[in-house]
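> Provide a 3D model corresponding to the input given below.
(chains A and B)
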Amino acid sequence: MTQSVGVGRTPAAGSGPAPFDVRGFARTAHGSLRAELDLDAMRDAGLSRAAVRTIVTLAEFEGATMEHLRNVLVTPTHKDARVTAFLVSWAYEKYWIADALRSIAGAAVAAGGDGGPDAAANAARDGTAATPGRAPAGRGPIRRALAGFGQGPDVVGAHLALGVVDDLVLDLAYARLESGAEPGAEPDAEPVAAAAASSNPAFADAVARIRAIKARHTEFFAGEAARRLSASPRSVGLARRELSRSAWPLGRGSVATTEREAFARFAVPDAASRAGLARDIRCSIPGIDDRTASAVMRRLGA
Amino acid sequence: MAFDIDRYTATSVSVAWSDLDLEVFRHEPLPESSLRTLRYMADVEYHTVCYTRDLLTTPSHREADMSAFMTMWNREEFWHGEALAAVLAVHDITVDYDALKANRMKLGWKDRLDPIKQSVLGGLVGQDFVAVHMSWGAANEWSAITAYQRMAELEEHPVLAELLRRIAKQEARHVAFYTSQARERLAASTKAQKVTRFALSRFWAPVGSSISSEDDVRHVMTHLMSGPEGRRAARKVDESISGMPGLAGLTIVQDALDRLGVAA
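This is a model prediction of the structure:
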């Protein structure tokens, strides 16, 4: 008997078949990355202050899954068993991504090198949130639950759209870390690395592994959001509203305002990256217009 | 002894059953009443992610240990559901997303209002409200272990017993987390003790009561907890609960069985 039955046996929700194999995802969910990280090699990565700071902040964003789960589970989204099944393994993978990022940042800080700011260094060592001056986390559970009464099942598509945008934003930071790309033309852009990340294969490999894990999350969020928003104009309206009102990135309630602002400068350093993100948001989610994409950029601080 | 969250997260795995020959149920099928109980258990396990939201409405979700535990706990319980669904599938009982969604859609207003109620209570009671959730979780996990053990004893089926033993072993770690949290929080606050005692004695019901019909709850409790052996098991759970600070004398499981009319 193989472990090939259970809720995943019917990978469908609503009327049509869904392409993403939620059960396959759950079965192959990636746990701890510690054994795959060559931290000794990463101690010599020569990561810049901005890069370490970004890694620490990414760890906080990735680890803030429970807050997001609460926000969506108090609404009708909790009734969608396919989505909740995905979110269980999604949170598990993000937990271990956050753990890996803290290890990497810890190694970089321990090595001295360019180091990071005190808050980042402390957070890297302790694995705890940098809490002073946290940004507001947005609406609380009561308001969300009350809103959910009127929104009904159409809000599920809107919540999936949140996942798409969050992944797009965080991936910009990962892409810069992986490539070691130098900053854009704007004078206030944060430098990436004292030595290019690509010159440290262990670091580049670790970031690539994380991006590969997250690519499956994006695949689910984008595929499901597209399917649901294409089928429901009301869902599109709710998605526009949710995207415009949400604090970006989604875990920003766990991070000090100064760190979130530094993250935005790193992830979206210039006009070209801002335009690219806005375009990706519009192209990835059906019905998302310029106005919504602009609102996301404002809320991100980009 | 404090719960070692790092050790727990590092060793958390999905329950395995691929080495168990579930095909044996094709020629040794479980009786109808047992399948009904197993289905109830599977529904409860799959529903864990929804129970989680109530806990997340308290300030506890910002605590790193709590967040780490809930992440692993949710995943382990999901796989318990998958394992039980695998046994049901061999009996041609399908538990899929649509079936789970249909069940959740039937829950109505109480289900919708629960997170609001929990948020309001959490706001009124403050940090001590987390002790209620931790004690409640401990009671549920103790009950779950007892239910799996009773099911294994009653069925006397070696394959089912092994699967249930594996599930119960993971539930034991959940108990360890909840009790360590509950004991610490209860010991630190008389108010937490009073509120928890009140909540458990007035509102606790067997796990699954909020998502199942009373008929199903009564069936499962009668199946697993009736008669002298069932009562003995219930008493044992009550003794564990009442052993926590400020909860002496509570008999919530036996009281629940009495309310359901389960014969002693």
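
> C-alpha from now on. contacts and neighbour counts both.
Fine.

> centroid-nearest residue for chain B?
For chain B, the residue sitting closest to the mean C-alpha position, by C-alpha atoms, centre = their mean, is B:N140 at 4.0 Å.

> in the helix or strand hosting it, which residues are buried?
In the assignment (DSSP states H and E), B:N140 maps to helix B:129-155. Burial within helix B:129-155, assessed by neighbour count using 16 or more other C-alpha atoms under 10 Å in any protein chain shown, is assigned to B:129-152.

> quick check on A:L47: phi, psi?
phi -70, psi 140 (degrees, to the nearest 10).

> how many neighbouring residues does it have?
When neighbours are counted by other C-alpha atoms under 10 Å in any protein chain shown, A:L47 registers 31.

> partner residues bridging it?
A:A193 (DSSP bridges).

> surely it and A:V109 touch.
No. Using C-alpha atoms under 8 Å as the test, A:L47 is too far from A:V109 to be in contact (9.2 Å).

> just the mean pLDDT for the host helix or strand of A:F263, thanks.
In this structure, A:F263 sits in helix A:257-267 according to DSSP H and E. Averaging pLDDT along helix A:257-267 gives 93.

> cool, and stretch B:121-140?
Stretch B:121-140 comes out at a mean pLDDT of 85.

> wait, does it contact chain A?
No. Judged by C-alpha under 8 Å from any C-alpha of the partner chain, stretch B:121-140 stays clear of chain A, getting no closer than 10.8 Å.

> name the residues that touch that stretch?
With contacts defined as C-alpha atoms under 8 Å, 6 or more residues apart in numbering or on different chains, stretch B:121-140 is touched by B:55, B:57-60, B:174-175, B:178-179, B:181-182, B:185-186, B:189, B:191-193, B:195-196, B:199-200, B:204, B:206-207, B:237, B:241.

> please report the number of neighbouring residues for the nearest residue to B:R26 once chain neighbours are set aside.
Once flanking residues are discounted, B:R26 sits nearest to B:V90: 6.5 Å by C-alpha to C-alpha, 6 or more residues apart in numbering or on different chains. Residues lying near B:V90 (other C-alpha under 10 Å) number 17.

> where does the stretch 1-150 of chain B dip in pLDDT?
B:1, B:59-62, B:108-113, B:115-117, B:119-120 (pLDDT under 70).

> quick one, helices of the stretch 51-200 of chain B?
Ranges of helices within the stretch 51-200 of chain B are B:64-90, B:97-105, B:108-125, B:129-155, B:158-188, B:190-203, based on DSSP state H, counting those that start in this stretch.

> run through who's touching stretch B:26-34.
Under C-alpha under 8 Å, 6+ apart, the answer for stretch B:26-34 is B:V90, B:H91, B:H223.

> show me what counts as buried in that stretch.
Quick answer for stretch B:26-34 (16+ other C-alpha under 10 Å): B:L30, B:S34.

> ends of that stretch, what's the gap?
15 Å (C-alpha to C-alpha, to the nearest Å).

> do the same with stretch B:7-15
OK, stretch B:7-15 end separation, C-alpha to C-alpha: 17 Å.

> pick out the residue of the stretch 51-200 of chain B closest to chain A.
B:D96 (3.8 Å; C-alpha to the nearest C-alpha).

> backbone dihedrals for that residue, please?
Torsion angles, degrees, to the nearest 10, at B:D96: phi -120, psi -180.
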